[in-house]
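[1] The sequence isn't on hand, but the structure is:
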């Protein structure tokens, strides 16, 4: 990456993390559900599921939590990486999931080496379609022997980037934001036989209902 490209990435990242931090400082933020699961001291660690389009809205709320954020190695992944590091999260940058390869095993090795942090996945990313949970997201909790913790967010005032496949949500300042830690799910080997179809439908239903 050239010098100008790096400066552009740095500037965009700074604008994004200062803006979302301002949104949280001026908004009423509530939490619902089992947020004890996200505390650093909680002994069990989870694979946290979020929608790709909601990812930007979570950053300040989870500040101080030990989280491993998964993103890709492309230009957009560079911005995500900078924002994540600003808020104190560890970043795992992997090849584009559509590119194949042994990235699943690389990721499993990394989280097994550092199992004191929850793993956060944008489960319909990196390329969509919208709200379709990828097999990769289901395989990770199976391989790492962790439960799934779906996280959802309701934002009273926001706008969406309709030109993007994920319709990325941008919260407005002076807002009301409600974040829910929903019921957990366990992935078993038998679920893989049906390509996780039933489990995906159950998780998707909960994640969509709790965002309405």
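    Noted; the coordinates are in hand. Every value quoted in this text rests on a predicted model; they were computed, and no experiment measured them.
[2] what about residue 8, helix or strand, and which?
    Using DSSP states H and E, residue 8 sits within helix 3-25.
[3] So which helix or strand of the chain has the lowest pLDDT on average?
    helix 103-113 (a mean of 69; mean pLDDT, DSSP states H and E).
[4] What lies in contact with the next helix or strand along the chain from that one?
    Sequence-wise, the next helix or strand downstream of helix 103-113 (DSSP H and E) is strand 118-122. If you take Cβ atoms under 8 Å, 6 or more residues apart in numbering as the criterion, strand 118-122 is touched by 38, 45-52, 55, 65-70, 89, 111, 136-137, 140, 144, 146, 149. For glycine as for every other residue, the C-beta is placed from the backbone atoms N, C-alpha and C.
[5] Sort out for me which of those are in strands.
    Among the contacts of strand 118-122, the members falling in strands (DSSP state E) are 47-50, 67-70, 149.
[6] What separation is there between the nearest residue to residue 147 once chain neighbours are set aside and residue 47?
    Excluding its sequence neighbours, the residue lying closest to residue 147 (Cβ to Cβ, 6 or more residues apart in numbering) is residue 184, at 4.4 Å. Separation of residue 184 from residue 47 (Cβ to Cβ, to the nearest Å): 10 Å.
[7] so where's this protein shaky on pLDDT?
    1, 73-76, 95-104, 106, 110, 112-115, 212 (pLDDT under 70).
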